[in-house]
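Colleague: Quick one, what's the 3D model for this:
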Amino acid sequence: MRKVNQMKEELVTFLQKNSDKSYSVKQMSKALQYEESSDFKQFVKAIAETEEEGKIALNKSGQFRIKMNKSTITGIFRANDRGFGFVNYDEHEDDIFIPKGKTGSAMEGDTVEVAIVNKPEPWNDKGAEGKVLEVLTRKTSKIVGEFFPYDAVRREETGYLGYVIPQDNKIKSMVLYILPEGVRPVEGSICLVEVVEYPTNEDPVSMKGLVTQEIGHKNAPGVDILSILYKFGIQPSSQRIRCNKQKIFPLQFQKKKLRNEKIYAMKKSSRLMAQMLKIWMMEFH
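Modeller: So this is what the prediction gives:
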């Protein structure tokens with residue numbers, strides 16, 4: 001019994017020192033040198049008792065970590081176009097659900113601090129629910145969208161050229177007001193905008209930015225393809241790409257499930273991908 005208690009103390013100390021990680025039974029037995037047959041059986045008993053005492057927690061991957069008593073958690077925010085989101089903080093743990101209205105000013109990919117408002121209920125297959133307290137670092141610096149101009153009176157009143165509605169469905173409810181210091185696009189232009197002021201908790205749907213590139217008019221052939229290239233950070237060095245509207249079709253997106261988050265992957269026929277490759281080769285090689 002004394003040895004089991006000693007093992008329990010060593011186990012808790014080890015996991016406390018490595019509180020940001022999760023370990024399998026085999027990994028812990030190796031780290032604490034309890035791999036011998038007789039020791040291993042007692043060590044498994046020590047793990048079981050420590051878990052029953054609520055000092056350590058078993059995750060969905062069958063690994064253990066020190067039970068967190070933190071009031072807040074830091075992780076990566078994953079937005080959903082319906083207004084809610086999830087925060088991923090450990091690849092071995094379920095994401096924290098963030099309901100609509102509790103996402104604050106967080107945007108896709110931001111590093112956020114989250115308060116847990118409802119603890120998980122594993123017996124009901126229900127995960128933890130949280131609220132975004134603060135955005136620590138921003139992921140998005142450039143946004144692609146359609147420009148809508150203000151008239152002269154409105155420009156004078158607001159100081160903005162107009163506004164851009166993002167093409168990304170996850171932030172389509174946001175408005176990006178355009179400052180006059182950048183490129184001055186025409187109505188209906190698809191633009192690349194550099195964000196200079198992000199949403200706040202007080203105003204979570206507004207941003208300010210400068211147009212850095214006028215990609216082309218929304219109805220012009222090939223602009224749908226170019227806007228996707230810019231969205232994924234591929235910026236052609238020239239606007240002289242001539243796209244045959246009958247040969248290049250808008251990309252379709254297919255939702256895939258990966259580590260409890262929905263991501264979008266480009267999917268199209270080999271003919272379209274050959275056209276995309278041709279554009280890439282023309283511009284960068």
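
Colleague: SS state for the one residue sitting closest to the centre of the chain?
Modeller: Nearest residue to the geometric centre of the chain (C-alpha atoms, centre = their mean): residue 109, 2.9 Å. Following DSSP: H, G, I helix; E, B strand; the rest coil, the label given to residue 109 is coil.

Colleague: if I read this right, it contacts residue 135, doesn't it?
Modeller: No. Using C-beta atoms under 8 Å, residue 109 is not in contact with residue 135; the gap is 10.7 Å. Using the backbone N, CA and C atoms, a C-beta is placed for each residue, glycine as well.

Colleague: ok, and the closest non-adjacent residue to the residue nearest to the centre of the chain?
Modeller: Nearest non-adjacent residue to residue 109, counting by C-beta to C-beta, 6 or more residues apart in numbering: residue 139, 3.0 Å away.

Colleague: got it, and residue 21?
Modeller: Using C-beta to C-beta, 6+ apart, the closest residue to residue 21 is residue 65 (6.7 Å).

Colleague: Okay, and that neighbour sits in which element?
Modeller: Taking DSSP states H and E as the criterion, residue 65 maps to strand 64-66.

Colleague: Tell me how far residue 88 lies from residue 76.
Modeller: 5 Å (C-beta to C-beta, to the nearest Å).

Colleague: for this protein, what spans make up the helices?
Modeller: 2-17, 25-31, 37-52, 152-158, 223-231, 270-284 (DSSP state H).

Colleague: wait, which of the ones you listed is closest to residue 144?
Modeller: Closest to residue 144 of the helices of the chain is helix 223-231 (C-beta to C-beta; 4.9 Å).

Colleague: what pLDDT does residue 240 get?
Modeller: In this model, residue 240 is scored at 45, pLDDT.

Colleague: again, but for the one 3 residues further on
Modeller: Taken from the predicted model, the pLDDT recorded for residue 243 is 43.

Colleague: Residue 32 against residue 42, yeah?
Modeller: No. When contacts are counted by C-beta under 8 Å, residue 32 is not listed as touching residue 42 (11.5 Å).

Colleague: residues shared between the contacts of the two?
Modeller: Here residue 32 and residue 42 have residue 7 as joint contacts, going by C-beta atoms under 8 Å, 6 or more residues apart in numbering.

Colleague: quick one on the thing from earlier: contact partners for the residue nearest to the centre of the chain?
Modeller: Going by C-beta under 8 Å, 6+ apart, the list of residues near residue 109 reads 76-78, 139-140.
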